[in-house]
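[1] What follows is a predicted structure for the sequence shown.
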Amino acid sequence: MQTNRTLPNNKLDIIVQDSEKETCVLVDVAISGDRNVIKKEAEKILKYKDLIIEIQCMWNVKTKVILVIIGTTGTISRSLRRYLSNTPGKHEIKELQKTVILGTASLHQKVLMFKYNTCFMSEITFHVAQIANTEQLKHSVP
């Protein structure tokens with residue numbers, strides 16, 4: 001984002017400016033380690049304080065930051081519901097958590113496949129199919 005002053009923290013995920021209501025909403029989305037969700041939220045609030053002041057002066061609008069921070073296994077802060085209630089549309093926290101968890105699982109799978117240079121999931125699927133076939137044969141023999 002271009003500002004009058006040089007600010008180190010001027011890159012956001014989404015910026016919504018409403019000229020009629022004279023408001024500006026800055027949205028930052030982050031995935032953090034589960035233990036760091038609250039810490040990350042506090043860091044981002046401090047990080048964007050100067051940017052909020054700069055935008056208010058430049059555009060003469062009320063400005064607020066909405067932080068969407070979710071831990072890698074779906075951990076959320078208490079304030080996430082409040083942040084989401086200030087955004088238009090319907091937002092299901094469970095769906096956001098599910099998306100993050102599936103992304104985390106996919107990333108872990110890719111890392112394991114790269115590290116071991118093997119198709120790990122295919123081997124598991126093959127072994128599960130073998131076990132299933134063996135169990136079916138046991139039950140079908142009179």
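    Cool, got the structure. Model, not experiment: these values are computed from the prediction.

[2] Name the spans of the chain whose pLDDT lies under the cut-off.
    Across the chain, the ranges flagged by pLDDT under 70 are 1-10, 115-142.

[3] now with 90?
    1-19, 26, 28-36, 44, 47-55, 57-59, 72-74, 78, 84-93, 95-142 (pLDDT under 90).

[4] any chance you could map the helices in it?
    Applying DSSP state H to the chain gives helices spanning 37-47, 49-59, 80-85, 93-116, 120-140.

[5] buried set for the second one?
    It refers to helix 49-59. Buried residues in helix 49-59, counted by 16 or more other Cβ atoms under 10 Å: 51-52, 54-55. C-beta here means a position set from N, CA and C on the backbone, and glycine is covered the same way.

[6] Now render the residues you listed as CSV, adding distance to residue 13.
    Listed next are those as CSV, based on distance: Cβ to Cβ, whole Å:
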residue, distance to residue 13
51, 13
52, 15
54, 18
55, 15
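
[7] for those, which one is nearest residue 104?
    residue 51 (29.0 Å; Cβ to Cβ).

[8] looking at it, the closest one is touching residue 26, isn't it?
    Yes: under the criterion of Cβ atoms under 8 Å, residue 51 makes contact with residue 26 at 7.2 Å.

[9] Now for these two: what residues contact both?
    residue 12 (Cβ atoms under 8 Å, 6 or more residues apart in numbering).

[10] Now residue 19, what are its backbone angles?
    Torsion angles at residue 19 (phi, psi; degrees, to the nearest 10) stand at phi -70, psi -30.

[11] so who does it touch?
    With Cβ under 8 Å, 6+ apart as the criterion, no residue contacts residue 19.

[12] roughly how far apart are the closest residue to residue 23 other than its chain neighbours and residue 84?
    On the basis of Cβ to Cβ, 6 or more residues apart in numbering, the spatially nearest residue to residue 23 that is not a chain neighbour turns out to be residue 62, at 5.0 Å. As for residue 62, its distance to residue 84 is 19 Å (criterion: Cβ to Cβ, to the nearest Å).
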